[in-house]
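predicted coordinates and the sequence they were generated for:
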Amino acid sequence: MKNKLSKIVFSTFLVTGSLMAQSIDNTYSLVGIEGGYNSVDVDMGESSNSKHKMPYAGLKLGAQTDEYRLFTSVRYFSGDDFDYITTYGLELQYLLNFSKSVNFYFGINTGIANIKYSPVNGEKYRTTSDGYFGGDAGISMHLSDTTDLEIGLRYIDIGASNTIKNVTYTFNSMTHGYASLIYKFQIDE
């Protein structure tokens, strides 16, 4: 079910993105640099659950109209018992423009999460690559006509499992607190 939902959301992003680019004259291209702090929820077998916290960095490329933004993104997380976590995704956000200097946004996201987890207890490392979906919200402050600073929260549901010797590790969800510097520009035709 989750895989089907991810495919539906992904297809919606593709259709929405091409409609945005074709039908709106006031469209900006976007390049964003993101940094933040992340919490990963992991179930280790039947008896224990742990939360791992780590910093991350990311890059976002996208387009923006007066009311919508569409991003493709890549993020790299490292810390605790994780050799790595990478995410590759799409994000669609609706902008609530209530002033010339600030706006709120909220949206949905989907993509792929790749995880390599090395437990401290000497067990074999765990890897998974699975789809995710989630949502985000935040505030965007317009520093200039071409630069925005945004602060937001993102939640993604992974639900990926890895079973070795009848012990299952499940990577449930990730929660990000982040800040991004977004550069806006128009390409002349």
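Noted; the coordinates are in hand. Numbers count the residues shown, from 1 in each chain.

phi, psi for the residue of the chain most remote from its centre please.
Ranked by distance from the centre of the chain (Cα atoms, centre = their mean), the top residue is K165, with 32.0 Å. Here is the backbone geometry of K165 (degrees, to the nearest 10): phi 50, psi 50.

could you check how far it is from G107?
Plainly put, K165 is 40 Å away from G107 if you go by Cβ to Cβ, to the nearest Å. In short, each C-beta sits where N, CA and C put it, glycine included.

and if you look at E67?
12 Å.

equivalent analysis for L95, please.
From L95 to G107 the distance is 9 Å (Cβ to Cβ).

what do you get for R126?
30 Å.

more neighbours: the two, which one.
R126 (24 against 20; other Cβ atoms under 10 Å).

who does that one form a beta bridge with?
Y117 (DSSP bridges).

that one and A160 touch, don't they?
No - using Cβ atoms under 8 Å, R126 is not in contact with A160; the gap is 9.6 Å.

give me the common contacts of these two.
I115 (Cβ atoms under 8 Å, 6 or more residues apart in numbering).

which residues do E67 and G107 both contact?
By Cβ under 8 Å, 6+ apart, the residues touching both E67 and G107 are Y94.

so where do the strands sit in this protein?
28-44, 48-64, 68-79, 82-97, 102-117, 126-142, 147-164, 167-185 (DSSP state E).

for those, give me a markdown table that also has mean pLDDT.
Formatted as a markdown table, the strands of the chain follow (pLDDT from 0 to 100):
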| stretch | mean pLDDT |
| --- | --- |
| strand 28-44 | 91 |
| strand 48-64 | 90 |
| strand 68-79 | 92 |
| strand 82-97 | 93 |
| strand 102-117 | 93 |
| strand 126-142 | 93 |
| strand 147-164 | 91 |
| strand 167-185 | 91 |
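
just list whatever residues bridge to I108.
Bridge pairing for I108 - DSSP bridges - gives L92, G135.

same question, I164
V167.

touching, it and K124? I think so.
Yes - I164 is within contact range of K124, at 5.6 Å (criterion: Cβ under 8 Å).
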